[in-house]
Structures are given as structure tokens and as C-alpha cells.
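# Here is a sequence together with a model predicted from it:
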Amino acid sequence: MTTLLTNIGELTTNAPGAGPSAGAGTPGSGDPVGTLHEAAVLIDGDRIAWVGAAADAPPADEIVDAAGRAVIPGFVDSHSHLVFGGDRAVEFEERMAGRKYAAGGIRSTVAATRAATDDELRARVRGFLDEMLAQGTTTVEIKSGYGLSVADEERLVRLAAEVTPEVTFLGAHVVPAEYADRGDEYVDLVIGPMLDACAPHARWIDVFCETGAFTVAQSRRVLEAGIARGLAPRVHASQLGPGEGVALAVELGAASVDHGTYLTDEDVALLAASDTVLTLLPGVEFSTRQPYPDARRLIDAGVTVALACDTNPGSSFTSSMPFCIAVAVRDMGMTPAEAVWAATAGGARALRRDDIGIIAPGARADLVLLDAPTRIHLAYRPGVPLVARVWKDGVAV
């Protein structure tokens with residue numbers, strides 16, 4: 001079965017050399033997103049088979065007329081915490097009244113998650129995924145981190161693996177209450193029995209390297225143990241203040257270091273000279289009232305930037321990539337094209353994937369038709385549901 005999506009007014013491909021009006025396909029160029037106009041895309045099964053001018057399009061079994069509207073790759077959300085129980089709306093209300101955000105609030109979600117059944121957690125995850133898909137997100141990474149016991153962390157990564165191949169073991173989220181003042185002992189548990197139970201269900205290992213969570217030495221132990229078990233590293237760092245987490249991530253070849261709210265010039269230089277993506281999470285700053293990172297500074301320095309939602313009940317309870325794009329443009333110094341690139345191709349790079357976040361022959365057929373003439377409307381019309389139709393693996397959903 002082939003489907004031709006034609007009469008596309010503006011096609012964002014993220015592909016280098018996509019056509020006469022295309023850019024280099026990397027942030028910082030005049031056209032970072034490989035734009036084509038009056039374009040068409042041919043889908044064959046779950047893959048993209050052809051991309052080009054609508055006038056040159058091949059025949060297809062089904063024709064979809066985009067009516068001059070814009071098409072972009074499906075969003076790639078490379079940082080989420082979808083498997084959890086409970087709610088922290090009261091904590092949000094208190095922050096809006098002036099209370100400062102701290103990592104310790106995670107423990108309240110741990111208690112609620114431990115009390116939830118597998119079926120309750122499974123239903124909630126699927127609800128979030130439906131919510132994300134309706135907003136154009138076709139690939140999602142999911143972390144554990146709200147179980148913090150061997151049995152609970154194992155079930156969180158197992159439930160996540162039911163819905164995505166991008167599963168991250170985050171047993172080192174915070175030190176649970178039963179290990180208070182015994183952080184090193186908890187790390188022993190994380191890199192021993194907990195890692196043994198979780199590694200079969202995960203692709204990634206992560207750690208919250210931050211004051212109030214884990215020290216650099218503890219974080220190194222966690223990441224090196226995961227690497228030894230075949231898991232690739234990711235790092236939460238520099239969310240609450242400057243630290244050594246970015247340097248550790250770059251040293252260990254992490255695919256992504258996430259948050260980066262407080263970065264030193266040395267951090268920026270290290271990232272720019274590495275293959276480690278910096279994943280910015282604007283929903284966190286929106287919810288915690290911390291300062292927004294300066295994405296303009298990062299992009300101009302040569303850092304590869306991704307955008308993600310960080311969907312979680314404490315610091316960023318949004319699942320909307322369009323919202324994150326709008327905030328990144330309004331408050332973080334990104335152009336609309338750079339923000340869309342970061343939310344698609346940038347997320348793919350943060351997951352070390354070359355088959356998503358791009359509209360090119362051979363890539364997965366994950367596309368979003370916007371009810372707008374250009375991707376600029378994602379920032380220009382914040383809060384408006386502009387996703388008209390989504391294709392996931394070539395299937396309209």
C-alpha cells in the first residue's frame with residue numbers, strides 16, 4: 001500500500017540537500033530544516049519511499065491532498081517519565097506562590113507509584129502516549145525512576161518496554177527515604193541487583209547528577225556499571241545549579257545530557273567539541289520558574305540542541321512538544337526552524353537514531369500535517385491545536 005501526500009505548501013525534511021531551497025540540515029545554517037515548497041512525499045508501508053516536487057510525484061494507491069499546508073517530521077520526545085502514580089498539583093501551586101523547586105519532591109511520587117498496580121500504571125502510560133500522538137509526537141523515550149526498589153524499578157522499565165524501544169533505567173533518580181543518609185549503599189543496590197533486574201528491559205542508563213540527588217563520584221559508578229552491562233549513558237545535570245555533570249557526560253560519551261539550565265563556559269565548550277547532545281526542557285523552567293537556558297548561546301557555540309517535554313508530575317507536567325517549541329522561541333532565543341529541528345532531528349540525535357526525525361527515503365514514515373501554512377505557526381499560535389493529521393509508521397492515526 002502506497003500513500004502520496006501531495007500539494008504540501010512547506011515541507012520540513014531535516015535532510016541535507018533536500019532540494020534547491022534546502023539548507024545544510026544542521027542548526028545554525030540559513031535553513032536548518034531542509035525546506036521544500038510545493039512538495040510531495042510517497043509512503044510505502046512503514047517507510048518513506050520518495051520525496052520531491054509535487055509536479056514530479058510518482059503514482060500511489062492513495063492520494064492525500066495537503067491543500068497547501070505544512071508537513072513536518074513527527075516529534076521525537078527524547079526525555080520523559082511517563083510511568084508514575086499520583087499527582088503533585090499542590091506542589092505546583094506552592095511554587096507559583098514562591099516556594100523553590102527541589103529534587104526531594106520526587107519521593108512523594110515514588111510512594112504513589114509503588115502503591116499503583118501494573119494495570120493502573122499501564123493505562124496511564126497509554127493515555128499519555130495517546131495525548132502525545134494527538135500533538136504530533138511519534139517517538140518517545142521513557143525513563144523509570146519512580147520505583148527506587150528492585151521490584152518496582154523492574155516493573156517500570158518492563159511496562160515502558162511494552163510501548164517503546166527507547167527505555168531508560170533511572171534507578172539513580174534520588175535516594176529513597178529508606179536509604180536516607182546512606183547514598184553510597186543505595187548506589188550499591190542500583191548497580192547490583194537493580195541493574196541486574198532492569199538491564200534486560202532497557203537500552204539506556206541515566207543518573208540525576210545534582211545537589212540533592214547523586215554526587216559526581218556516585219554518578220560515575222552508576223554510569224560505568226550500566227555501560228559494562230551494555231546500556232548507553234544519558235545524564236541529568238546542571239538543572240539546579242552548575243556542577244560537574246556535563247563534564248562527566250562528555251567524558252563517558254553520553255548520548256545526551258539533559259536540563260543544562262546552569263552551564264559554565266567550559267561546559268559549553270566541552271559540549272560543542274563532543275557528540276553529546278544537550279537536551280533542553282523548557283517545560284521545566286516554565287513550571288519551576290527557574291531561568292530559561294540561553295539556546296542562542298549554545299547553538300552559536302556549535303552545541304547540538306534537542307528539545308523534549310520531560311513529562312513528569314513534579315517539574316514539567318506537559319506532554320506538548322508544540323508548547324515547548326513556542327517557549328523555546330519566545331524565551332530561549334531559538335528561531336522557529338531551529339526549535340522544530342531540535343524537537344525532531346535533535347531528539348533523534350539524542351537517541352542516536354537516523355531513521356526518525358527526518359523526511360527522506362528510507363526513514364520511518366512518521367509525519368505530521370499541520371493545519372497551518374508554515375511551521376512558524378507552532379510558535380506564532382501557541383496553545384492552538386494545529387496538528388491536523390499524524391502518520392506513525394506509515395499509518396494515519
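Here it is on my side, so go on.
# Based on its surroundings, how many neighbours for residue 118?
11 (other Cβ atoms under 10 Å). Every C-beta, even on glycine, is put in place using the N, C-alpha and C of the backbone.
# ok, now which ones touch the nearest residue to residue 62 once chain neighbours are set aside?
With Cβ to Cβ, 6 or more residues apart in numbering as the criterion, residue 62 has its nearest non-adjacent residue at 4.5 Å, and that residue is residue 3. Going by Cβ atoms under 8 Å, 6 or more residues apart in numbering, residue 3 touches 42-43, 60-64, 391, 394, 396.
# Just the buried ones from those residues?
Neighbour counting over the contacts of residue 3 (16 or more other Cβ atoms under 10 Å) leaves 42-43, 60, 64, 391, 394 as the buried ones.
# Pull the most distant pair out of these.
60 and 391 (13.4 Å; Cβ to Cβ).
# Return the set of residues that bridge with residue 75.
Assessed by DSSP bridges, residue 75 has beta-bridge partners residue 137.
# Am I right that it is in contact with residue 138?
Yes - in this structure, residue 75 is within contact of residue 138 by Cβ atoms under 8 Å, at 6.6 Å.
# in this protein, which helix or strand is least confident?
Here the helix or strand of the chain ranked lowest by mean pLDDT, DSSP states H and E is helix 89-96, holding a mean of 89.
# Give me the next element, helix or strand, following that one.
Once the chain leaves helix 89-96, the next helix or strand it forms, by DSSP states H and E, is helix 106-115.
# how about stretch 349-361: buried residues?
So for stretch 349-361, counting by 16+ other Cβ under 10 Å, buried means 349-351, 353, 356-360.
# correction: stretch 238-249
238-240, 243-249.
# quick one: which of those is nearest residue 99?
residue 240 (14.2 Å).
# That closest one belongs to a strand?
No - read with DSSP: H, G, I helix; E, B strand; the rest coil, residue 240 is coil and lies in no strand.
# I'd like the distance between it and residue 101.
Going from residue 240 to residue 101 by Cβ to Cβ, to the nearest Å gives 8 Å.
# Give me the common contacts of these two.
Common neighbours of residue 240 and residue 101 (Cβ under 8 Å, 6+ apart) are residue 290.
# can you give me the helices in the stretch 251-397 of the chain?
For the stretch 251-397 of the chain, the helices defined by DSSP state H, counting those that start in this stretch cover 265-272, 282-288, 295-301, 321-331, 336-341, 347-350, 377-380.
# for those, which one sits closest to residue 121?
Judged by Cβ to Cβ, the one of the helices of the stretch 251-397 of the chain that comes nearest to residue 121 is helix 282-288, at 21.6 Å.
# May I have that closest one exported as CSV, CA atoms only?
Extracted C-alpha coordinates of helix 282-288, given in CSV (Å, rounded to 0.1, in the frame of the first residue of the first chain):
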residue,chain,number,x,y,z
PRO,A,282,11.5,24.3,28.6
GLY,A,283,8.5,22.9,30.4
VAL,A,284,10.7,22.6,33.5
GLU,A,285,11.6,26.2,33.6
PHE,A,286,8.0,27.2,32.9
SER,A,287,6.9,25.1,35.9
THR,A,288,9.7,25.8,38.3
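# For that helix, which helices and strands make contact with it?
Contacts defined by 3 or more Cβ pairs under 8 Å, 6 or more residues apart in numbering; DSSP states H and E place helix 282-288 against helix 89-96, helix 321-331.
# possible to save these as JSON lines with distance to residue 365?
Shown next, in JSON lines, are the helices and strands packed on helix 282-288 (distance: least, Cβ to Cβ, whole Å):
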{"stretch": "helix 89-96", "distance to residue 365": "38"}
{"stretch": "helix 321-331", "distance to residue 365": "19"}
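# among those, which is nearest residue 33?
Ranking the helices and strands packed on helix 282-288 by distance to residue 33, with Cβ to Cβ as the measure, places helix 321-331 first at 12.2 Å.
# on that earlier part again, which of the helices and strands packed on helix 282-288 is buried the deepest?
With neighbours taken as mean count of other Cβ atoms under 10 Å, the helices and strands packed on helix 282-288 reach their highest mean count in helix 321-331, at a mean of 23.
# where along the stretch 51-200 of the chain do the helices fall?
According to DSSP H, counting those that start in this stretch, the helices that the stretch 51-200 of the chain contains are 89-96, 106-115, 118-134, 150-161, 183-189, 195-198.
# do you know which of those lies nearest residue 287?
Using Cβ to Cβ, the helices of the stretch 51-200 of the chain put helix 89-96 closest to residue 287, at 6.5 Å.
# which residues sit against that closest one?
Outside helix 89-96, the residues touching it (Cβ under 8 Å, 6+ apart) are 99, 101, 105, 108, 287-289, 314, 317.
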